[in-house]
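Asks: next one to model:
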Amino acid sequence: MPHPEPLTPEEKLTEAKDLLSLPRIVAICGSTRFMAEMHEADVRETEAGRIVVKPGCDLKSPHPLWSDPDQAEALKARLDELHRAKIRLADEVLIVGDYIGDSTRAEIAYARSLGRPVRFTHPEVDPGPSPR
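Replies: Below is the predicted model:
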């Protein structure tokens, strides 16, 4: 009798979400210039019964935690990795805003490489499927 293949970490996460009866998880992405729009998207997604994860820091706004340029650069790298983890956790991604910069384009490509559905508040900015 053949042994079943062990579950991948991704399959284990999906199974755990199902066992816990978790609602869908949405990762909000986009330029931090759209932080107000991200907050509004958070409200709407939450009202629709979804769990929301989104950027928690806007490095373009002054704050003592990133006032030193060297600390800000190191923090940006850590926040980028944290946001990729949020995308891995999510069931789908919502891109907020009518502008797609390099970071957001990379987030879209990453989400699509993981097979995550990607929605847009402004569908006309969709850069299209990522090259394989």
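Asks: and the strands in this structure?
Replies: 25-29, 51-53, 92-95, 118-120 (DSSP state E).
Asks: tell me the most buried of the ones you listed?
Replies: Stretch with highest mean neighbour count among the strands of the chain: strand 25-29 (a mean of 24; mean count of other C-beta atoms under 10 Å). Heads up, the C-betas are built off the backbone N, CA and C, glycines and all.
Asks: tell me how far residue 124 lies from residue 112.
Replies: 18 Å (C-beta to C-beta, to the nearest Å).
Asks: more neighbours, the two?
Replies: Just comparing residue 124 and residue 112: by other C-beta atoms under 10 Å the higher neighbour count belongs to residue 112, 17 against 6.
Asks: looks like that one contacts residue 118 (just checking).
Replies: Yes: the criterion here is C-beta atoms under 8 Å, and residue 112 meets it with residue 118 at 6.2 Å.
Asks: where does this structure dip in pLDDT?
Replies: The model of the chain has pLDDT under 70 over residues 1, 130-132.
Asks: show me where it has its helices.
Replies: Secondary structure of the chain (DSSP state H): helices at 9-19, 35-47, 69-89, 102-113.
Asks: redo these as JSON lines? Include distance to residue 2.
Replies: Shown next, in JSON lines, are those (distance: least, C-beta to C-beta, whole Å):
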{"stretch": "helix 9-19", "distance to residue 2": "18"}
{"stretch": "helix 35-47", "distance to residue 2": "42"}
{"stretch": "helix 69-89", "distance to residue 2": "30"}
{"stretch": "helix 102-113", "distance to residue 2": "30"}
